[in-house]
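Q: My questions are about this predicted structure, shown below with the sequence.
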Amino acid sequence: MPFGINETMGQYSELFMLLAAGTYTVAFIAFAWDLAKSSKALRAVDLKAAQAGAAAKVPVAAGVGAGSSGARLDGPADRAERPSSSAKAGGAGTGVVTADGDMKYATERRVPARVAVALTVLAAVIHGAGVVTRALGAGRVPWGNMYEFLTTGAFLVAAVFLLSLIRRDLRFLGTFVVGLVIIMLVAASVAFWTPVGHLVPALQSYWLVIHVSIAVLSSALFTLTFAMSALQLVQSHRQKTVGADGVDKLGFMRLVPSALSLENLSYRINAIAFIGWTFTLMFGAIWAEKAWGRFWGWDTKEVWTFVIWVVYAGYLHARATRGWTGTRAAWLSIVGYLCVIFNFTIVNTLFNGLHSYSGL
């Protein structure tokens with residue numbers, strides 16, 4: 001039997017969501033400031049190193065060729081992706097500079113990045129309070145409609161990002177991930193706001209907790225890999241441009257690892273998210289059998305959940321066994337996420353089906 005509705009808790013939840021959105025916005029600005037400031041600082045260091053290198057040039061010793069082991073590069077460009085790390089003709093230190101592929105924290109203190117992370121933690125705490133008070137107000141788990149799905153999903157995106165920062169320096173993703181969180185919260189409040197209320201009888205099941213919670217977590221991981229794949233495309237274009245003696249117009253990308261490093265990490269996270277999406281599909285079928293007496297009925301929502309599974313399965317298979325690496329893999333990952341967005345927006349709002357009543 002459902003618990004009573006507490007409208008006061010629902011109002012507190014909306015207030016917390018508003019405060020969280022404001023704090024995320026300030027964190028977004030701080031992350032952008034970090035990219036801009038670090039890019040300017042790196043350019044100054046490169047210019048100073050190039051001037052010092054030009055002043056210290058000495059003739060090459062007899063017998064030491066260009067490919068000899070006696071030649072040693074010591075600049076940050078050595079840590080860039082191999083195909084693009086060689087210095088351009090005409091000056092030392094002009095190669096493609098990227099962050100280390102291991103994504104470990106460096107020794108330098110990036111104050112704006114620290115401030116941005118602290119603000120994101122604060123925003124996530126406020127956001128979590130909004131999710132919890134929504135649950136207390138509704139007397140159930142807070143993912144029974146589009147508004148609740150987006151607000152809870154946005155919280156998990158931020159939480160997954162912050163947890164990832166414990167092991168890897170992914171602060172370069174902050175602007176993009178926090179930006180997506182803000183978009184989700186704005187969309188929830190503007191387009192999908194729903195007052196606190198009870199669920200229809202068909203959704204009053206423990207399968208709602210199991211099925212939707214895994215779907216939300218998987219979607220949060222897909223959001224993270226979407227940001228990585230988008231950055232991979234930008235970094236790949238930058239590496240090719242600079243490698244072809246072009247001008248490096250994207251200085252902030254020096255804080256981002258090479259396209260290959262981004263691709264490898266995105267692939268591993270997508271593999272985990274794909275497992276979660278597989279369970280989403282399976283548990284959804286089991287719930288459908290209990291609710292409607294059949295495991296599969298070609299409902300629009302069911303079809304698109306399967307389409308997402310097929311796209312990501314194709315992505316994992318193509319990259320692992322067919323050699324689909326680089327930009328092709330990135331685009332396939334992006335297509336998969338666009339299918340997720342289509343499923344949770346267009347399908348939920350414009351297509352009629354057995355899932356229409358839930359707002360999910």
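A: Great, that's in hand. Numbering: from 1, shown residues only.

Q: element containing the closest residue to Asp34 other than its chain neighbours, please.
A: Nearest non-adjacent residue to Asp34, counting by CB to CB, 6 or more residues apart in numbering: Pro112, 3.8 Å away. (C-beta placed from N, C-alpha, C; glycine too.) In this structure, Pro112 sits in helix 111-138 according to DSSP states H and E.

Q: And for Gly10?
A: helix 7-55.

Q: mind listing what Gly153 touches?
A: Contact analysis of Gly153 by CB atoms under 8 Å, 6 or more residues apart in numbering lists 184, 216, 219-220, 223.

Q: Taking these, tell me the two that lie furthest apart.
A: Distances among the contacts of Gly153 were taken as CB to CB; the most separated pair is Met184 and Val216, at 11.3 Å.

Q: what's in contact with stretch 323-343?
A: For stretch 323-343, contacts defined as CB under 8 Å, 6+ apart pick out 219, 222-223, 225-226, 229-230, 232-233, 236, 259, 263, 266-267, 270, 301, 304-305, 307-308, 311-312, 314-315, 318-319.

Q: Distance from the chain centre to that stretch, please.
A: From the chain centre to the centre of stretch 323-343 is a distance of 13 Å (CA atoms, centre = their mean, to the nearest Å).

Q: May I have the phi/psi pair for Val200?
A: In terms of degrees, to the nearest 10, the main-chain angles of Val200 are phi -70, psi 160.

Q: Which pLDDT does the model give it?
A: pLDDT recorded at Val200 is 74.

Q: Next one: it from Arg140, what distance?
A: Counting by CB to CB, to the nearest Å, the gap from Val200 to Arg140 is 12 Å.

Q: Give me the more crowded residue out of the two.
A: A count of neighbours by other CB atoms under 10 Å puts Arg140 above the other of Val200 and Arg140, at 21 against 10.

Q: Let's see if you can find the most crowded of the contacts of Gly153.
A: Among the contacts of Gly153, Thr223 has the most neighbours (other CB under 10 Å), with 25 neighbours.

Q: What's the separation between the closest residue to that residue other than its chain neighbours and Ser213?
A: Distances taken as CB to CB, 6+ apart place Val157 nearest to Thr223, at 4.9 Å, with adjacent residues excluded. Per CB to CB, Val157 is found 14 Å from Ser213.

Q: higher neighbour count, those two?
A: Using other CB under 10 Å as the criterion, Val157 and Ser213 rank with Val157 on top: 25 against 17.

Q: For that one, give its distance to Gly246.
A: From Val157 to Gly246 the distance is 34 Å (CB to CB).

Q: Which parts of the stretch 151-300 of the chain are strands?
A: Assigned by DSSP state E, counting those that start in this stretch, the stretch 151-300 of the chain shows no strands.

Q: can you list the residues that contact stretch 301-316?
A: Contact partners of stretch 301-316, identified using CB under 8 Å, 6+ apart, comprise 222, 267, 270-271, 273-274, 277-278, 280-281, 284, 288, 296, 324, 329, 332-333, 335-336, 339-340, 342-343, 347-348, 351, 353-355, 360.

Q: From the chain's centroid, how far away is it?
A: Centroid separation between stretch 301-316 and its chain, computed with CA atoms, centre = their mean, is 19 Å.

Q: Same check on stretch 162-176?
A: A distance of 9 Å separates the centroid of the chain from that of stretch 162-176, by CA atoms, centre = their mean.

Q: same check, this time on stretch 166-177
A: 9 Å.

Q: Pull up the distance across that stretch, start to finish.
A: Using CA to CA, to the nearest Å, the end-to-end distance of stretch 166-177 comes out at 16 Å.

Q: surely the residue nearest to Asp34 meets Ile29?
A: No - if you go by CB atoms under 8 Å, Pro112 and Ile29 don't touch, sitting 9.3 Å apart.

Q: What's the separation between the most centrally placed residue in the chain and Glu302?
A: Computing the C-alpha centroid of the chain and ranking residues by CA atoms, centre = their mean puts Leu224 first, at 1.9 Å. According to CB to CB, Leu224 stands 26 Å off from Glu302.

Q: pLDDT averaged over stretch 217-232 - what is it?
A: 94.

Q: residues near Leu163, how many?
A: 9.

Q: And Ala123, by the same measure?
A: The local packing of Ala123 (other CB under 10 Å) involves 27 other residues.

Q: Now do the same contact list for it.
A: 20, 23-24, 27, 158.

Q: Just send the residues you listed back as TSV, with distance to Val131 and neighbour count too.
A: Shown next, in TSV, are the contacts of Ala123 (distance: CB to CB, whole Å; neighbours: other CB atoms under 10 Å):
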residue	distance to Val131	neighbour count
Ala20	9	27
Thr23	15	20
Tyr24	14	25
Ala27	18	27
Ala158	11	27
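
Q: just curious, which of those is nearest to Ala135?
A: Lowest distance from Ala135 to those (CB to CB) belongs to Ala20, with 15.4 Å.

Q: State whether that closest one and Gly130 are indeed in contact, as I suppose.
A: Yes - the pair Ala20 / Gly130 is scored as a contact, 6.0 Å apart, by CB under 8 Å.

Q: Out of the contacts of Gly153, the closest to Leu170 would be?
A: Thr223 (13.1 Å).

Q: Neighbours of Ala106, how many?
A: So Ala106, with other CB under 10 Å, has 9 neighbours.

Q: what's near enough to touch it?
A: For Ala106, the contact set (CB under 8 Å, 6+ apart) comprises 100, 169.

Q: Spell out the secondary structure type for it.
A: Ala106 falls in the coil class when you classify it by DSSP: H, G, I helix; E, B strand; the rest coil.
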